[in-house]
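[1] below is the structure, and that's it, no one-letter string:
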């Protein structure tokens, strides 16, 4: 006796299409063709109206929000769906909640489930039992896959041989599990210039501003038909920050610098990726793994400076220099509670004060005093100590200015050399082509 009735055929057949990742969408074309091919099978079974739901391409079925699956459930609940077609249970769901919700709704409204192996009625005990076991196996299968892949990745990372997206300035050696510096001298010198300017300016923000003001482009990794290549752009702040905080430039291999967090939003799992971890929680850290642009000691010193430049990261950071007329802004600490003293500007004058524990405990302010005498005293002492070094400081300032001009000029020279090479290479390609071979010659022209 056929499970398909006239009532089922009077409704629509829904074909659910899903692949878990963008990589699968781009590479696994046959799987997608098989899923779309179920629309023809639905017509062969007798359905005239077939709806293809493919909103969830590149979305995992492990419990995250899926607009296509939600649309399918709505169609089932409203009685529009007479059957749901999929190549296998794992396409519909990889978690128990979604799978059993689908079975419950299909059983309530008499909607069939069809895969490549058979046709199931969720109202029948035997079919319900089979579908329940299929869903359980699909969920367990995903867990096993992730466990195997995760353990294999960690083992390879512990050897320092696991590479994903390699930072600009390095490249993977062909047919080997190791990296080396990019042989392009322009790339190497641009990366080295970032670290040199940070050692001078002691601020990522100031390095970024200097690069923009001087019009110096930094290399960026790009991917296209020709594969991985380098493009040159004026830097954004996060590009400079990424170079300064990436341990790869200190010759270290690090794995597990970021992780993910799972939280529930409106009853659905939401995965937040890219959550940064402290160095103590990195899974793997191998020093002297490859040739670096700076030493590990310099890297740690840079990270400490960057951390202290962030004024909103706690009471004990040194903080970068702040705006305003106060000389000691962000430098003074209260002798009573140890907190940083704040500055109050009013009517052309300013005062240093400490609020102490007033916000946390409701206590009174610790101390407050005028800033003029304190600033004058500190200024006089600084000038007294620097006066014998005045000539030397002036000479160093001149040298620094000349070196800064040389750095900018060197980057421009390298850019000109690269442009000249690319132009000459294009000219040589054109000259080597037989003029009579118009198919190629016209393209090069």
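    Nice, I can see it. Small disclaimer: the values here were computed from a predicted structure and weren't measured.

[2] hey, let's count contacts and neighbours off CA atoms from now on
    Fine.

[3] okay, now the domains of this protein?
    6-158, 170-252+287-311 (the TED database).

[4] which one of those lies nearest to residue 266?
    domain 6-158 (9.5 Å; C-alpha to C-alpha).

[5] rewinding a little: tabulate the domains of the chain (CSV), appending mean pLDDT.
    Listed next are the domains of the chain as CSV, based on pLDDT from 0 to 100:
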stretch, mean pLDDT
domain 6-158, 89
domain 170-252+287-311, 89
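
[6] can you point out the buried residues in stretch 168-187?
    168-171, 179, 181, 186-187 (16 or more other C-alpha atoms under 10 Å).

[7] so which of the domains of the chain is nearest residue 419?
    That would be, of these and by C-alpha to C-alpha, domain 170-252+287-311, which comes in at 11.6 Å.

[8] beta partners for residue 51?
    residue 14 (DSSP bridges).

[9] gap between it and residue 119?
    18 Å (C-alpha to C-alpha, to the nearest Å).

[10] how many neighbours does residue 342 have?
    Applying other C-alpha atoms under 10 Å, we find 18 residues neighbouring residue 342.

[11] what is the host helix or strand of residue 155 packed up against?
    Per DSSP states H and E, residue 155 falls inside helix 125-158. Packing contacts for helix 125-158, counted by 3 or more C-alpha pairs under 8 Å, 6 or more residues apart in numbering; DSSP states H and E, involve helix 89-92, helix 96-109, strand 119-121.

[12] report the inter-axis angle for the longest one versus helix 125-158.
    Between helix 96-109 and helix 125-158, the angle formed by their directions is 160 degrees, by axes from the mean of the first three to the mean of the last three C-alpha atoms, to 10 degrees.

[13] so residue 293: helix, strand or coil?
    coil (DSSP: H, G, I helix; E, B strand; the rest coil).

[14] show the contacting residues for it.
    191-192, 249-251 (C-alpha atoms under 8 Å, 6 or more residues apart in numbering).

[15] repeat that for 6 Å
    By C-alpha atoms under 6 Å, 6 or more residues apart in numbering, the residues touching residue 293 are 249-250.

[16] could you check the pLDDT of residue 407?
    pLDDT for residue 407: 65.

[17] before we move on, the earlier item: and the two most separated of the buried residues of stretch 168-187?
    The most distant members of the buried residues of stretch 168-187, if one measures by C-alpha to C-alpha, are 179 and 186, lying 18.3 Å apart.

[18] the stretch 201-350 of the chain: strands as residue ranges?
    Taking DSSP state E, counting those that start in this stretch as the test, the strands found in the stretch 201-350 of the chain are 218-224, 227-233, 253-255, 258-265, 268-276, 284-286, 342-346, 349-354.

[19] quick one: average pLDDT of the last one?
    To tie it back to what came earlier, the one meant is strand 349-354. 83.

[20] list the buried residues in that strand.
    So, applying 16+ other C-alpha under 10 Å, buried residues of strand 349-354: 350-354.

[21] list the contacts of the residue sitting nearest the centre point of the chain.
    For the chain, residue 274 is the residue whose C-alpha lies nearest the centre (C-alpha atoms, centre = their mean; 5.8 Å). Residues counted as contacts of residue 274 (C-alpha under 6 Å, 6+ apart) are 258-259.

[22] please repeat the previous calculation with a cut-off of 7 Å.
    The contact partners of residue 274, by C-alpha atoms under 7 Å, 6 or more residues apart in numbering, come to 258-260.

[23] ok so, going back, in the helix holding residue 155, what's buried?
    Neighbour-count burial for helix 125-158 flags 128, 131-132, 134-139, 154, 157-158 (criterion: 16+ other C-alpha under 10 Å).

[24] tabulate those (TSV), appending distance to residue 208.
    Shown next, in TSV, are those (distance: C-alpha to C-alpha, whole Å):
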residue	distance to residue 208
128	62
131	58
132	57
134	56
135	53
136	53
137	53
138	50
139	48
154	35
157	32
158	34
